[in-house]
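In: any chance you could fold what I've pasted below:
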Amino acid sequence: MKKKMVSVLLAAAMGATGLVGFGSTAYAADDVLEFYHGYYQDESEWAAAQVMRDIYDGFAEAHADGPITFKPIAVENRDDIVSAQVAGGSFPDLVDVGGGGVPQAALSQELVYDLKPYIDENGLQDAVGLNYTQHDIDGHIYAVHDQIESRGLWYNSDIFEKAGITEDAFADWDSFAAAMEKIRALDEDVYGYIAGQGSSYIVNTVMASTDEGKAMLESELTEDTINSDEFANAFKTAAKLDQDNGSEHTTDDNGNLMAEFNTNGKAGVLFNGVWNASGIDASLSDVIEPALFPGNIAIASAGGGLAVANNMSEEKTELALEFIKYMTSEEVQEKIFTGVQANPCNTTIDLNALAQNSDDAATKKLALACSEVNEAENVVIDMNYTWGSDVDKAIINALMECAVSGTDIDARFAALQTELIALIA
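Out: Numbers count the residues shown, from 1 in each chain. Purely as a prediction, here's the structure:
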């Protein structure tokens, strides 16, 4: 997989000289634990960011009198900071790494602390949840994400009722295709679903419907997978659905058309995460419902997560580990559910009980969506995390082209195979 290269200048400024950011602030002394995170957004822009900052500040205040000061630092360029420090042979004290996870270069240099012994010794397996299996690398765990990226679909029950569609539409992809045809037949300025980025999840879940395909998703992309019947079937299933759905309802970023579903009620289905609950307009809160992908399949990914530098002082390491325990605790995980509107990693949280104690319609919908994902018969990782974002983007682009009426799906798939083989070479 091709990786983004960090410039020599950036590496020198941040890695070799040991400076934070781009050479503007010196590293903290040994009595300060610096924590880099990406919740820099203003509260008016994204309320969840302020909730997370408040959680971090709560930990800092609780340890203000200790031997080590906890210093959370919000940045927009986490990946650049991590990459540059790793290039210089170091690693941030504590960082919430993005979706790309801990860089392989950091692991090969043994710059990252193995969290598994701490998790096992403190009985935190249920607290870290899916992290315990998805982040296991040969018996080591180098990151723990306090939220689980959970995806299913949302549907507009009012549109379904008008079209004479029942929940049997989600039995399999053939039933789903028939349901979308009924929505198109309504001729009421409504359409089936937001395709393109959204339909990449069709590829993901069709692959997951077989043991062979699921195993491929959970491993790095190979030429054998690219040339497999499983991948061909998954892509062509999504491409045919997209072409029938129409190119005017296709986007490379679901966010561009989400208002069509959440606010305007024009789309029957939205492939998106459980967190979409907070985006549903009050006028539609009674008709928008969560569901799993056809075949009772959910996509759930631990994603990035909290990673700790190796070879810090015993005191700093102890505080970093205490922070991970804090972030996965029931108290904080409940805040992540109610305030951040995300699926907590801690499997002991009773989400339905929290929802029953809330007057917020979005929280109730969120609980339903999270519960369905957590209890799905078949849970699979997002291929973006195992195959890479460049592969995901190539698949999305190919699907968008296939959505155009008259596009030869077989020919476009053959071209995609060539593109992907070149990417992984």
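In: tell me the contacts of the residue most central in space within the chain?
Out: With distances taken as C-alpha atoms, centre = their mean, Glu149 lies nearest the centre of the chain, 3.9 Å away. Residues counted as contacts of Glu149 (C-beta atoms under 8 Å, 6 or more residues apart in numbering) are 273, 299-303, 343, 382. For the C-beta atoms, the positions are set from N, CA and C on the backbone; glycine is no exception.
In: out of those residues, grab the one that's most surrounded.
Out: Asn343 (28 neighbours; other C-beta atoms under 10 Å).
In: who does it bridge with?
Out: On the basis of DSSP bridges, Asn343 is bridged to Ile148.
In: who's in contact with it?
Out: 147-150, 274-275, 300, 337, 370, 373-374.
In: out of the residues you listed, name the ones that lie in helices.
Out: Counting by DSSP state H, these place 337, 370, 373-374 in helices.
In: before we move on, the earlier item: need the contacts of Glu149 in a markdown table (columns: distance to Val190 and pLDDT).
Out: Converted to a markdown table, these look like this (distance: C-beta to C-beta, whole Å; pLDDT from 0 to 100):
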| residue | distance to Val190 | pLDDT |
| --- | --- | --- |
| Gly273 | 23 | 95 |
| Ile299 | 25 | 98 |
| Ala300 | 30 | 97 |
| Ser301 | 31 | 96 |
| Ala302 | 36 | 96 |
| Gly303 | 33 | 92 |
| Asn343 | 29 | 97 |
| Asp382 | 28 | 96 |
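In: now, which of the residues you listed sits nearest Asn122?
Out: Ala302 (18.6 Å; C-beta to C-beta).
In: does that closest one touch Leu130 like I think?
Out: Yes - applying C-beta atoms under 8 Å, one finds Ala302 in contact with Leu130, separated by 5.0 Å.
In: got any residues that touch both of those two?
Out: 148, 345.
In: what's the pLDDT at the residue nearest to Leu284 when sequence neighbours are not counted?
Out: Counting by C-beta to C-beta, 6 or more residues apart in numbering, Gly265 is the residue found nearest to Leu284 once chain neighbours are left out, at 5.5 Å. Listed pLDDT for Gly265 reads 96.
In: quick one: residues contacting Gly265.
Out: Counted by C-beta under 8 Å, 6+ apart, Gly265 has contacts 156, 158-159, 190, 284, 287.
In: do Ala415 as well
Out: Ala415 neighbours (C-beta under 8 Å, 6+ apart): Ala398.
In: tell me which element it falls in.
Out: Assigned by DSSP states H and E, Ala415 belongs to helix 409-424.
In: also Leu399?
Out: Leu399 belongs to helix 389-402 when assigned by DSSP H and E.
In: what separates that helix from the chain centre, distance-wise?
Out: Helix 389-402 sits 18 Å away from the centroid of its parent chain (C-alpha atoms, centre = their mean, to the nearest Å).
In: any buried residues in stretch 183-190, and which?
Out: Buried residues in stretch 183-190, counted by 16 or more other C-beta atoms under 10 Å: 183, 190.
In: actually, stretch 98-109.
Out: 100-103, 106-107.
In: rebuild the residues you listed as CSV, extending it with distance to Thr251.
Out: Below are the buried residues of stretch 98-109 laid out as CSV (distance: C-beta to C-beta, whole Å):
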residue, distance to Thr251
Gly100, 23
Gly101, 26
Val102, 31
Pro103, 30
Ala106, 34
Leu107, 35
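In: which of those scores worst on pLDDT?
Out: Ranking those by pLDDT, Gly100 lands last with 83.
In: domains of the protein: list them as residue ranges, please.
Out: According to automatic domain parsing, the chain comprises the domains 8-144+303-344, 150-301+377-424.
In: and the end-to-end length of stretch 182-192?
Out: 9 Å (C-alpha to C-alpha, to the nearest Å).
In: ok, which stretches of the stretch 251-400 of the chain are helices?
Out: 258-262, 314-327, 330-338, 351-356, 361-374, 383-387, 389-402 (DSSP state H, counting those that start in this stretch).
In: residues contacting the fifth one, please?
Out: In other words, helix 361-374. With C-beta under 8 Å, 6+ apart, helix 361-374 has contacts from 150-152, 154, 274-278, 280, 282, 285, 288-292, 298-300, 337-338, 341, 343, 347, 351-352, 354-355, 358, 379.
In: model confidence over that helix, on average?
Out: pLDDT averaged over helix 361-374 gives 95.
In: and that helix, which residues are buried?
Out: Applying 16+ other C-beta under 10 Å to helix 361-374 flags 362-374 as buried.
In: can you redo these as a markdown table with distance to Val391?
Out: What follows is those, written out as a markdown table (distance: C-beta to C-beta, whole Å):
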| residue | distance to Val391 |
| --- | --- |
| Ala362 | 33 |
| Thr363 | 35 |
| Lys364 | 36 |
| Lys365 | 32 |
| Leu366 | 30 |
| Ala367 | 33 |
| Leu368 | 32 |
| Ala369 | 27 |
| Cys370 | 28 |
| Ser371 | 31 |
| Glu372 | 28 |
| Val373 | 23 |
| Asn374 | 27 |
